[in-house]
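Undergrad: structure here, sequence nowhere to be found:
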Ligand code: NAD
C-alpha cells in the first residue's frame, strides 16, 4: 500500500506530534494551523513547545520533504486538502459553558473544509470529543463520500513523541470499518494493540481512561491525607499498593492536585455526558471535589508549617514557589495546580515569587502571571519565609540547598511533591514537610526487600527494618 497523503489541522501538542511522528513513519504530512507565526517558526525548524525529540523530528521531516507546514489562510491549504486521503483534526476542545466540551473550533473547521475534501477522504478526530461527535460531524459534513473516524490520542505532555511512537494501544472507531482499517494501518509499524470499534465507544474510551486516572490521583491524595492524620508514610503505602499488578505503581504519588489541559476538562465533560443521560456519576464528581479540596489542603499545610497553626495568617508571608507547570517536562501552564495553589496563597495575603525551569520572565505565557517570576531558584529564595515545591522538576533535587538556606529568611521547605531528599535538606539546615509523610523526618525507616524463603527457611512475607 502506498503511503497516504495526510493533512493535520492544529499544530499544538497533539497535532504537531501527530504530524511529525507520522512523517517519521514514512507518511507524507502537511500540518496546518491558523497561527501564521507558528507556521513560519515551524517551517524554519523552530518548535515552541517543550517536547523531547519533537524539534528533531520536525527538522528531519521538513528536510526530507515528508513534512510541511502551512497556514490555513494560505491558498496552498485548500490545495493540500483537495488531495488529502486523511485529514486529522487536532484543534482545541476546551471546557465550555457548564463544563461541556466546546466544539465550536472543531465544527467550524469541518464546515470550512467540507466542500474541499476529495471523494474517498477520511476525516479523523484526534481531539478529545464527547460521545456522539462523529455522528454530529457526519451530519455537518453532509458528504456520503467522506468517512468520519474517531482516533483519540493518549500522549502525555513531556513524553509526547515517545508515547506516540510506543503507544500502549491505538483506538480507532467508526461506522465505516473500511475507513477505520485505513486509519489503523497508518500505525501498523508500531505493532501496538489496536482496538477497532464504533465511533461512540472510541470517543468514550478516551474520557473513561482520563477520568479513571483523575479518580486514581484523587484517591492517592486522599490516602496521603489519611497518612498525615494517622502518622503513616504515603511513600511506603503507595509502594505497597503499587506492587499489586491490578493497581500498578503509576499515578499513586500525591501532589497539589491534578491539572493540565486534559484532566480537568475531560472530567467535567464526562460528568456532563452522564448528566445528559440521567446518570449521576458520583465517583467522578467526588474526584473533582477532592481535587479542589487538595489545593486548599496544600495551602492549609503551608499555613500550618509557616505560622505554626492551621488558622494562622499568611498576610505578608513571603513564599518562594518552585515549579509552576502542571507537571515536570513541559512548559504548559494550562490549568496547573501550582497556579491554583498560588491563587489561594495570594488570596490569603502571601507575597509570592516563583521560579520554574521552563517558564522564563520574558515568555509570553509568563506575562499574565500575577506574581513575580525569577530566572533562578536562588533569587526566588531571597528573604522568604518558606520555599514551596509545586512541580516535580528533578533539577530541584540538584539545587545547592546550603546556598538556598543562606538566602532564605526562615529555612523551611514545604514539598508538595515529596520530591526532595529530606535528609539532605535537614543537613543543609532546612526543616522539611511533605504530603502524607511524617514531618521533618529524613530517611525512610522501612524498605521492602525480597527475601528468598529457601535461604532463610522462613516465610517470604517479611519486612526488613533498616
Ligand atoms: P494546543 O492548544 O496545544 O494546540 C491546538 C492548535 O490548534 C494550536 O496550534 C492552535 O493555533 C490551532 N488551532 C486553533 N484553531 C484552529 C483552527 N480553526 N484551524 C487550525 N488550527 C487551529 O492543543 P492540544 O493540547 O494539542 O490539544 C488538542 C486536542 O487534543 C484537544 O482536544 C485535547 O483535549 C486533545 N488532547 C490533548 C493532549 C495533551 O496532552 N495536550 C493529549 C491528548 C489529547
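TA: Good, I have the coordinates. Note that the coordinates shown come from a computational prediction; the quantities given were computed from them, not determined experimentally.
Undergrad: residue 280 - that's part of a helix, no?
TA: No. Under the criterion used here (DSSP: H, G, I helix; E, B strand; the rest coil), residue 280 is coil, not part of a helix.
Undergrad: quick one: it from the ligand, how far?
TA: 25 Å (CB to the nearest ligand atom, to the nearest Å). In this view, the C-beta of every residue, glycine as well, is placed from N, C-alpha and C.
Undergrad: what sits against that residue?
TA: residue 274 (CB atoms under 8 Å, 6 or more residues apart in numbering).
Undergrad: the residue in the stretch 201-350 of the chain that the ligand sits nearest to: how many residues sit nearby?
TA: Residue nearest to the ligand within the stretch 201-350 of the chain (CB to the nearest ligand atom): residue 261, separated by 4.7 Å. A count of nearby residues for residue 261, using other CB atoms under 10 Å, gives 22.
Undergrad: which ones are touching the nearest residue to it once chain neighbours are set aside?
TA: In space, and not counting its chain neighbours, residue 261 is closest to residue 334: 4.2 Å by CB to CB, 6 or more residues apart in numbering. By CB under 8 Å, 6+ apart, residue 334 lies in contact with 259-261, 326.
Undergrad: secondary structure and pLDDT added to those residues, as JSON lines?
TA: Formatted as JSON lines, the contacts of residue 334 follow (DSSP: H, G, I helix; E, B strand; the rest coil; pLDDT from 0 to 100):
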{"residue": "259", "secondary structure": "coil", "pLDDT": "97"}
{"residue": "260", "secondary structure": "coil", "pLDDT": "96"}
{"residue": "261", "secondary structure": "coil", "pLDDT": "94"}
{"residue": "326", "secondary structure": "coil", "pLDDT": "97"}
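Undergrad: which of those residues ranks first by neighbour count?
TA: residue 326 (29 neighbours).
Undergrad: wait, that residue touches residue 341, no?
TA: No. Counting by CB atoms under 8 Å, residue 326 stays clear of residue 341, with 11.5 Å between them.
Undergrad: what parts of the protein come near the ligand?
TA: 9-15, 32-35, 38, 72, 90-93, 105, 109, 127-128, 153, 155, 157, 261-262 (CB under 6 Å from any ligand atom).
Undergrad: burial count for the residue of the chain found nearest the ligand?
TA: In the chain, the residue that lies nearest the ligand is residue 12 (1.7 Å; CB to the nearest ligand atom). Counted with other CB under 10 Å, residues neighbouring residue 12 total 19.
Undergrad: contact partners for it?
TA: With CB under 8 Å, 6+ apart, residue 12 has these contacts: 49, 90, 92.
Undergrad: do I have it right that the last one meets residue 127?
TA: By that I understand residue 92. Yes. Counting by CB under 8 Å, residue 92 does reach residue 127; the two are 7.2 Å apart.
Undergrad: which of the two has more neighbours?
TA: Neighbour count, other CB under 10 Å: between residue 92 and residue 127, residue 127 has more, with 26 against 18.
Undergrad: quick one: contacts for the more buried one?
TA: 10, 14, 89-93, 106.
Undergrad: reformat those residues as CSV; add pLDDT and secondary structure.
TA: As requested, the contacts of residue 127 are exported to CSV (pLDDT from 0 to 100; DSSP: H, G, I helix; E, B strand; the rest coil):
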residue, pLDDT, secondary structure
10, 98, coil
14, 98, helix
89, 98, strand
90, 98, coil
91, 98, coil
92, 98, coil
93, 97, coil
106, 98, helix
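Undergrad: max pairwise distance over those residues: which two?
TA: 14 and 106 (12.5 Å; CB to CB).
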